[in-house]
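J.: coords please:
(2 chains)
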Amino acid sequence: MPKPSRLSRFNVASLSLGLAFLYLPILILVIYSFNASRLVTVWGGWSMRWYHEFFNDRAMIDAAWMSLRVGATSATVATVLGTLAAVALSRGQGFRGRMLFSGMLYAPLVMPEVITGLSLLLLFVALDAERGFWTVTIAHTTLTMCFVAVVVQSRLVSLDRSLEEAAMDLGCDPLRAFVMVTLPLIAPAVVAGWLLAFTLSLDDLVIASFTTGPGSATLPIRIYSEVRLGVKPEINAICTLVIGLIAVVIVIASLASKLSSDRGESAAPL
Amino acid sequence: MSARRIFSRPARFAAIAPYVWMVLFFLVPFAFVAKISLSQTAIAQPPYTPVFSLAEGWSSLSEAFAALSLDNFRLLLSDDLYLASYLRSVIVALTSTAILLLIGYPIAYGMARLPKRWQGIAMMLVIIPFWTSFLIRIYAWVNILQHDGLLNQILLALHLVSTPVVWLSTDSAMYVGIVYSYLPFMILPLFATLTKLEPALEEAAADLGATPREIFWLVTFPLSLPGVGAGALLCFIPIVGEFVIPDLLAGSKSLMIGQTLWLEFFTNKDWPVASSIAVVLLAVLLLPLLLYDRLQRRQLEESR
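T.: Purely as a prediction, here's the structure:
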């Protein structure tokens, strides 16, 4: 007798409605970015017009370039710091200030961005730091390293510890055991952490608005100031490009995490 | 001595760099917020007095303390605008969290009942929007909800309304935006709790004669409460301080506290008042933040 499905009609309906709700608005945005008409709501046939407009918009290109640089730099620093934090949280037992440490790593995940942004700005002003690329990068690193720590930590916790212990029983010192055994095993999670940090940085409006200086607007800051003036078809095109970039990032990240689980399984019987 | 113990000692050293970073760029900045919230507004750059620097030594410190004032907090209390702002933020956050729970729970429940290999795909589909830009997703709704937007076109075409409905700059638009943006944050912790539930428990309840409805309310739902708590906190805390969504989708008649802070800072250039708004906001959020921290830590200890 075939096993009866556990899914009720209600389950199916809520799942499909939920997913439609999550995806339809993005889909509509992407479709309208190819609209030839200047009026956002009138369909004038397919066109690449707004993409041309974007690539000729010097200020937008500058902002996009700034965002990409901030994203790449802050994601790299955040990945190093976040991975270290994850190792300390999952492997270092009971060190002094552990409570404060984990609290500081979890709080930024939910802290309203206006508070984080304002507080960092006041610090930079007090330090008399010139606001621009580096202040935004530091701010984004602070936020995103917490996400990296969470992603890497969940991988570390599920990792079979006997692998590291075996390496040390065979004469590795802890550092060597970490570099030779642990790091390759958590590498996919580290990659996923970097990608998440990168997209979060690319996305942030509030913290960047507080911490940037004149003349160095990021892409979300530019988009926001345009959107406040009303819907412009060019913005649809930019948003579609960003969505495309993020889609590529997600594919890489999911490949990495697939690799991660495959490797975890093959490594376990050893 | 076990290898585990040996490994744990150098692992602690890994904490040093991120620890220093977080103290410097997360903890210390709060001290500056607290300090400037006690300062006077000035027309200068930066727009506040007194400026104190540790370089001037301890004598200036006592002077600086003497110059501190509670004026900004008195202002927050005396002007109804601020109280109304805080109140609105908490009410909006509570309402949104309730809606999110009502919408998110059935979705998470449906996901948890999918066959194992479909669960991964469903989870992926819920996570992807979380990766996609927040601002872009709100903007997508501006497209749909504006006066001659898609929603009004559809409603007009179906003859459900005779004139375009004003959606944008209303509270309903804001709630749609909030629910849309935070739905993954509600679904994921719920799903995580629901998948961990032992199916044998539900089967046992069924064997003992419980109806599906009884099984859900007497077994499944009570056991999923940790997930409900995590999801609710994960949504409630950031929504209270939300800026982008109410700014782009809600009207400007009544502001949420994130908008008021933004206005004081960027438009009025009143940094001390903006700082004191942040201090009070933090105080409002302290209890939920501590709850959230405890929940996170318990989860970490359980998975170790």
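
J.: Which single residue in the stretch 101-250 of chain B comes nearest to chain A?
T.: Nearest to chain A in the stretch 101-250 of chain B, going by CB to the nearest CB, is B:G241, at a distance of 2.1 Å. Where C-beta positions appear, they are placed from N, C-alpha and C, glycine not excepted.

J.: what's the burial count for residue 186?
T.: Just so you know, I chose chain A. 26 (other CB atoms under 10 Å in any protein chain shown).

J.: my question was about chain B
T.: There are 29 residues near B:M186, going by other CB under 10 Å.

J.: Not counting sequence-adjacent ones, nearest residue to it?
T.: B:G104 (3.6 Å; CB to CB, 6 or more residues apart in numbering or on different chains).

J.: Do I have it right that the one you found meets B:F191?
T.: No - counting by CB atoms under 8 Å, B:G104 does not reach B:F191; the two are 9.1 Å apart.

J.: Just the mean pLDDT for whichever helix or strand B:S89 is part of, thanks.
T.: Per DSSP states H and E: B:S89 is located in helix B:80-112. For helix B:80-112, mean pLDDT rounds to 92.

J.: That one: which residues count as buried?
T.: Of the residues in helix B:80-112, B:82, B:85-86, B:88-90, B:92-93, B:96-97, B:99-101, B:103-112 count as buried by neighbour count, 16 or more other CB atoms under 10 Å in any protein chain shown.

J.: what's downstream of that helix, the next helix or strand?
T.: Remark: after helix B:80-112, the chain's next helix or strand is helix B:116-131, criterion DSSP H and E.

J.: what's the next secondary structure element after that next one?
T.: Using DSSP H and E, the helix or strand that directly follows helix B:116-131 along the chain is helix B:134-145.

J.: So what angle separates the directions of that next one and helix B:116-131?
T.: Between helix B:134-145 and helix B:116-131, the angle comes out at 90 degrees (axes from the mean of the first three to the mean of the last three CA atoms, to 10 degrees).

J.: So in the chain, where's the weakest helix or strand by average pLDDT?
T.: Here I'm looking at chain A. Ranked by mean pLDDT, DSSP states H and E, the helix or strand of chain A with the weakest confidence is helix A:233-267, at a mean of 74.

J.: could you do chain B instead?
T.: helix B:58-67 (a mean of 59).

J.: Report the buried residues of the very next helix or strand once past that helix.
T.: Per DSSP H and E, the first helix or strand lying C-terminal to helix B:58-67 is helix B:71-78. Residues of helix B:71-78 classed as buried: B:72-73, B:75-76 (neighbour count, 16+ other CB under 10 Å).

J.: List just the nearest of these to chain A.
T.: Nearest to chain A, judged by CB to the nearest CB, of those is B:N72 at 13.7 Å.

J.: Not counting its neighbours along the chain, what's nearest the closest one?
T.: Spatial nearest neighbour of B:N72, chain neighbours left out: B:S276 (3.9 Å); criterion: CB to CB, 6+ apart.

J.: doesn't B:R74 make contact with the one you found?
T.: No - counting by CB under 8 Å, B:S276 stays clear of B:R74, with 9.5 Å between them.

J.: tell me the contacts of the closest residue to chain B within the stretch 101-250 of chain A?
T.: Taking CB to the nearest CB, chain B has its nearest neighbour within the stretch 101-250 of chain A at A:P112, 2.1 Å off. Contacts were defined as CB atoms under 8 Å, 6 or more residues apart in numbering or on different chains; by that measure A:P112 touches B:237-238, B:240-243, B:258, B:281, B:285.

J.: Poorly predicted segments of chain A, please.
T.: A:1-6, A:39-41, A:94, A:257, A:259-270 (pLDDT under 70).

J.: Point me to the residue sitting closest to the centre of chain A.
T.: A:L196 (2.5 Å; CA atoms, centre = their mean).

J.: quick one: what helix or strand has it in it?
T.: Judged by DSSP H and E, A:L196 forms part of helix A:183-203.

J.: Show me what that helix is packed against.
T.: With contacts taken as 3 or more CB pairs under 8 Å, 6 or more residues apart in numbering or on different chains; DSSP states H and E, helix A:183-203 sits against helix A:58-91, helix A:133-158, helix A:219-228, helix A:233-267, helix B:134-145.

J.: got the ones you listed as TSV, with mean neighbour count and distance to B:G229 columns?
T.: Shown next, in TSV, are the helices and strands packed on helix A:183-203 (neighbours: other CB atoms under 10 Å in any protein chain shown; distance: least, CB to CB, whole Å):
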stretch	mean neighbour count	distance to B:G229
helix A:58-91	22	22
helix A:133-158	24	18
helix A:219-228	21	32
helix A:233-267	17	27
helix B:134-145	23	24
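
J.: Make JSON lines out of those and add distance to A:L27.
T.: As requested, the helices and strands packed on helix A:183-203 are arranged in JSON lines below (distance: least, CB to CB, whole Å):
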{"stretch": "helix A:58-91", "distance to A:L27": "23"}
{"stretch": "helix A:133-158", "distance to A:L27": "26"}
{"stretch": "helix A:219-228", "distance to A:L27": "19"}
{"stretch": "helix A:233-267", "distance to A:L27": "10"}
{"stretch": "helix B:134-145", "distance to A:L27": "9"}
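
J.: So for B:E264, which of those sits nearest?
T.: Checking those against B:E264 by CB to CB gives helix A:219-228 as the closest, at 18.1 Å.

J.: Who are the packing partners of the closest one?
T.: By 3+ CB pairs under 8 Å, 6+ apart, helix A:219-228 packs against helix A:58-91, helix A:183-203, helix A:206-211, helix A:233-267, helix B:134-145, helix B:244-249.

J.: Let me know which of the helices and strands packed on helix A:183-203 is the nearest to A:N11.
T.: Ranking the helices and strands packed on helix A:183-203 by proximity to A:N11 (CB to CB) places helix A:233-267 first, at 24.6 Å.

J.: so what's the residue nearest to B:M186 up against?
T.: Contact analysis of B:G104 by CB under 8 Å, 6+ apart lists B:183, B:186-187, B:190, B:231.

J.: Tell me which of those fall in helices.
T.: If you go by DSSP state H, these have B:183, B:186-187, B:190, B:231 in helices.

J.: Same list (the residues you listed) but as JSON lines, adding pLDDT and distance to B:A250.
T.: As requested, the ones in helices among the contacts of B:G104 are exported to JSON lines (pLDDT from 0 to 100; distance: CB to CB, whole Å):
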{"residue": "B:L183", "pLDDT": "92", "distance to B:A250": "18"}
{"residue": "B:M186", "pLDDT": "93", "distance to B:A250": "20"}
{"residue": "B:I187", "pLDDT": "92", "distance to B:A250": "24"}
{"residue": "B:L190", "pLDDT": "93", "distance to B:A250": "27"}
{"residue": "B:G231", "pLDDT": "92", "distance to B:A250": "23"}
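
J.: Tabulate those residues (TSV), appending distance to B:A31.
T.: What follows is these, written out as TSV (distance: CB to CB, whole Å):
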residue	distance to B:A31
B:L183	36
B:M186	34
B:I187	37
B:L190	37
B:G231	32
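
J.: which residues sit in contact with the closest residue to A:A217 other than its chain neighbours?
T.: Counting by CB to CB, 6+ apart, the nearest residue to A:A217 once its immediate chain neighbours are dropped is A:A63, at 5.0 Å. Applying CB under 8 Å, 6+ apart to A:A63 gives the contacts A:217-219, A:221-222.

J.: Give me the contacts around stretch A:208-226.
T.: Surrounding stretch A:208-226, the residues in contact under the criterion CB under 8 Å, 6+ apart are A:59-60, A:62-64, A:66-67, A:70, A:114, A:117-118, A:120-121, A:124, A:130-133, A:135-136, A:138-140, A:202-205, A:232, A:234-235, A:238-239, A:242, B:133, B:135-136, B:139, B:244, B:265-266.
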